[in-house]
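Colleague: Give me coordinates for this.
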Amino acid sequence: MKMDAGGGNHGVLLDGIKTQLGDISRFREEHKIDFNAISFKGFGPSEDALDMVAIDGSYTFLLNVSSMWLGIVRVGALRYSHKNDGYQLIDSESVDVPVMISTWKSIVNSQSERHQMIFEHKGRSTQAHKDMMNEFRYCVEGEIALSACRKNKNCIVAIDGALASYNPDMDWMGDVAQACRENDNMLIGVSKDSHTHAFNNPRRDEEIFRIGNGIAYVRVPEYFENNHRGTLHGAIYFAKFHKDAPKWFRVDIGTFKHEPGLVLSNVAAYSNSGLCLGYPYPLLEAHRFAVTVRQFKNVFEDMMFDLTEGSGLSAGDILEGLTFTEGNRKSAYHEYIDKVSRDLK
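Modeller: Numbering: from 1, shown residues only. The predicted structure is shown next:
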């Protein structure tokens, strides 16, 4: 059976949608942005940019048995040099970490202090297993970031995401910023998406900066930083790193905050690749490296089957507990229902 949207009230539905679209247009018009009041500052890419160390992480779930999940966290730090208008990988550091989490309190109480802190912070959310694994990914990223900041000197250290922490018990950003100051590293955090309302407007930041300015940057209003959720370890800017770039990015500057033009000029030198025009190429490569952990799920699953002997779990237990990337069991009945629903015409 196929049902049309709106059932038998097609005309009423169309009139209602038209009315709502008109309201959206009217409200948006009432909240126009005064771009003349925003202090845009132009800049250009540096001709002798510092090396950039880009850090990113990802994870994949492998198994879900009795309120326990097994996953793999992968984090990489890739150091690139800017050579003759191209980028050269000159060093890398990476780690794969198996992590077992649980959403059952008595199990968590027998685990490490870190497990218990993460459970207290995220263990009661509707997607607790994903939120908790994401917290572990964040912790591993912190360990790799701190190692990279201490090992490298006079570099740009670029972290995926905001320079902000939301759990005071696991705030490694302060240590990273201090290590960068000691080694004269420029610390930045680049957010691929920004859905906040930094300029106190119903339009999100993503919408506001769909304008045709050339290479430029702007500091967010002071009140936004003062009211930022969590602990902020940098000054927040929005920047467009290439004149033909399709979008602006939020960039948090953690060190050299008094010289934003210098920092952003160095970053712009790495933002000319046609693969990600206007976005720092080393961060793209760090992301591509991290997400390969999901491409190797089958390899990790084969490892688990090979290790069943002596583990206490049977091959049947593992087969029953195999998960998709986000932790939903492959044998879960709702997956079957979803598939049937998609297939019905």
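Colleague: where exactly do the strands run in the protein?
Modeller: 41-42, 52-65, 68-83, 86-102, 156-160, 164-165, 186-191, 216-219, 231-232, 235-240, 249-253 (DSSP state E).
Colleague: Relative to Asn328, which of those is closest?
Modeller: Comparing the strands of the chain against Asn328 with Cβ to Cβ, the closest turns out to be strand 52-65 (7.9 Å). No exception for glycine: its C-beta is placed from N, CA and C like everyone else's.
Colleague: The closest one to strand 86-102, inter-axis angle?
Modeller: On the basis of axes from the mean of the first three to the mean of the last three Cα atoms, to 10 degrees, strand 52-65 is oriented at 30 degrees to strand 86-102.
Colleague: Need the winner for burial among the strands of the chain.
Modeller: Ranked by mean neighbour count, the strands of the chain are led by strand 156-160 with a mean of 26 (mean count of other Cβ atoms under 10 Å).
Colleague: what residues does that one touch?
Modeller: 49-57, 141, 145, 148-149, 176, 180, 185-190, 192, 263, 266-267, 270, 280, 282-283, 286-287 (Cβ atoms under 8 Å, 6 or more residues apart in numbering).
Colleague: again, 6 Å this time
Modeller: Contact partners of strand 156-160, identified using Cβ atoms under 6 Å, 6 or more residues apart in numbering, comprise 50, 52-56, 149, 180, 185-189, 266, 280, 283.
Colleague: got it, and stretch 52-65?
Modeller: Applying Cβ under 6 Å, 6+ apart, the external contacts of stretch 52-65 come out as 69-75, 77-80, 133, 137, 141, 145, 148, 152, 155-160, 270, 282-283, 286-287, 290-291, 293-294, 297, 300, 321, 323, 325, 327, 329.
Colleague: Identify the residues contacting Ser271.
Modeller: By Cβ under 6 Å, 6+ apart, the contact list for Ser271 reads 241-242, 278, 280.
Colleague: Pull out the buried positions in stretch 196-203.
Modeller: Residues 196, 198-199 are the ones in stretch 196-203 that count as buried (16 or more other Cβ atoms under 10 Å).
Colleague: re earlier: so which of the contacts of strand 156-160 comes closest to Arg26?
Modeller: Gly189 (36.7 Å).
Colleague: wait, that closest one sits on Met173?
Modeller: No: contact criterion Cβ atoms under 6 Å: Gly189 and Met173 do not qualify, at 8.6 Å.
Colleague: Count residues in the vicinity of Ser110, would you?
Modeller: By other Cβ atoms under 10 Å, 9 other residues sit near Ser110.
Colleague: same question, the one 10 residues further on
Modeller: Burial of Glu120 is recorded as 13 neighbouring residues (other Cβ under 10 Å).
Colleague: Need the pLDDT of it.
Modeller: Reading off the confidence values, Glu120 has pLDDT 93.
Colleague: Report the separation between it and His242.
Modeller: According to Cβ to Cβ, to the nearest Å, Glu120 stands 43 Å off from His242.
Colleague: who touches both of Gly189 and Met173?
Modeller: Leu163.
Colleague: Would you mind listing which of the contacts of Ser271 are buried?
Modeller: Buried by 16+ other Cβ under 10 Å: 241-242, 278, 280, out of those.
Colleague: any chance of the buried residues of stretch 196-203 in TSV, plus distance to Thr231 and pLDDT?
Modeller: Shown next, in TSV, are the buried residues of stretch 196-203 (distance: Cβ to Cβ, whole Å; pLDDT from 0 to 100):
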residue	distance to Thr231	pLDDT
Thr196	16	86
Ala198	17	88
Phe199	22	86
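Colleague: Return the closest of these with respect to Asp23.
Modeller: Nearest to Asp23 among these, with distances taken as Cβ to Cβ, is Phe199, at 22.2 Å.
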